[in-house]
Structures are given as structure tokens and as C-alpha cells.
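Sequence and predicted structure, then a few things I'm wondering about:
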Amino acid sequence: QVQLVESGGGLVQAGGSLRLSCTVSGIIFSINYMGWYRQAPGKQRELVAGITSGGSTNIADSVKGRFTISRDNTKNTVNLQMNSLKPEDTAVYYCNAVIQESRWSRPTNGYWGQGTQVTVAS
């Protein structure tokens, strides 16, 4: 069974930093895309940052220059380094991946982590 396990959330003061990590476990063939989304109370889930298997990234304008996404393909891990955090970054952060489970299956979106809370105090 494929699982995405996140870690690294918590409470931090404004201007501080946190690093989120997400590891894909289980038997898979490949991971095409990995990303981080967030959802604040009363708001829709939004893309924060994503990265392809080749290392191309896309970063939301609201976090550009403050957040960096990276991945380690050997460990099936994606990281989100968050610097200069602001109270408006407070949300539950979710890891997402597009995974091809076997050589004969298609890549499928819809793999999500359980979410990790990030709270930025002013």
C-alpha cells in the first residue's frame, strides 16, 4: 500500500523557519510529480510548490522567495523549506504525489499525505 508520510510542522514565530518533509512508502514504479498544498480554515486548498522528477519547480507567488522545494529521488522524499514565515502561512500542509505504481499502470494523481499543521504566531 502506497503511503505519503509527512513530518516537520509545528508552531513558529513570524519570521522563523520550518522544514516539511514527505516520504512515499510502499512498492512503486515511479513518482512523476511531488508537491505541497495548504488549506487554511475557511479557504480552499491551494498549491504552494511542486517539483517534477527532473527537478523543475513551480512556486506560488505568495511564497516565492521564501519557500524552496526540493526532492531526493533516491529516498522518494520531497522537502519544503519555509523561511520568513508569516501569520498568513498558517494552514494545514498536505503532500501530494503523482505516482505510477507499476510498469503497466498509468501515473495517477490523488496520493495525499495526512496533513501537518503549520502555525505562525505574530
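Ah, there it is. Because the structure is a prediction, the values reported are computed rather than measured.

part of a strand, is residue 88?
No. Counting by DSSP: H, G, I helix; E, B strand; the rest coil, residue 88 is located in no strand; its state is helix.

Quick one: residues contacting it.
Residues near residue 88 by CB atoms under 8 Å, 6 or more residues apart in numbering: 40, 62, 120. For every residue, glycine as well, the C-beta is placed using N, CA and C.

The first one: neighbour count?
The burial count assigned to residue 40 is 14, neighbours taken as other CB atoms under 10 Å.

gap between it and residue 32?
Taking CB to CB, to the nearest Å as the measure, residue 40 falls 27 Å from residue 32.

rewinding a little: got a markdown table for the contacts of residue 88, with pLDDT too?
What follows is those, written out as a markdown table (pLDDT from 0 to 100):
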| residue | pLDDT |
| --- | --- |
| 40 | 96 |
| 62 | 97 |
| 120 | 98 |
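
Contacts for whatever helix or strand residue 80 lives in, please.
Using DSSP states H and E, residue 80 maps to strand 77-82. Residues from elsewhere that reach strand 77-82 (CB under 8 Å, 6+ apart): 17-24, 34-36, 48-49, 51, 63, 66-72, 89, 93, 95, 97, 118.

Now, of those, which are buried?
Burial by neighbour count, judged by 16 or more other CB atoms under 10 Å, picks out 18, 20-24, 34-36, 48-49, 51, 63, 67-69, 71, 89, 93, 95, 97, 118 from the contacts of strand 77-82.

From residue 96, how far out is residue 114?
In this structure, residue 114 and residue 96 are 12 Å apart, going by CB to CB.
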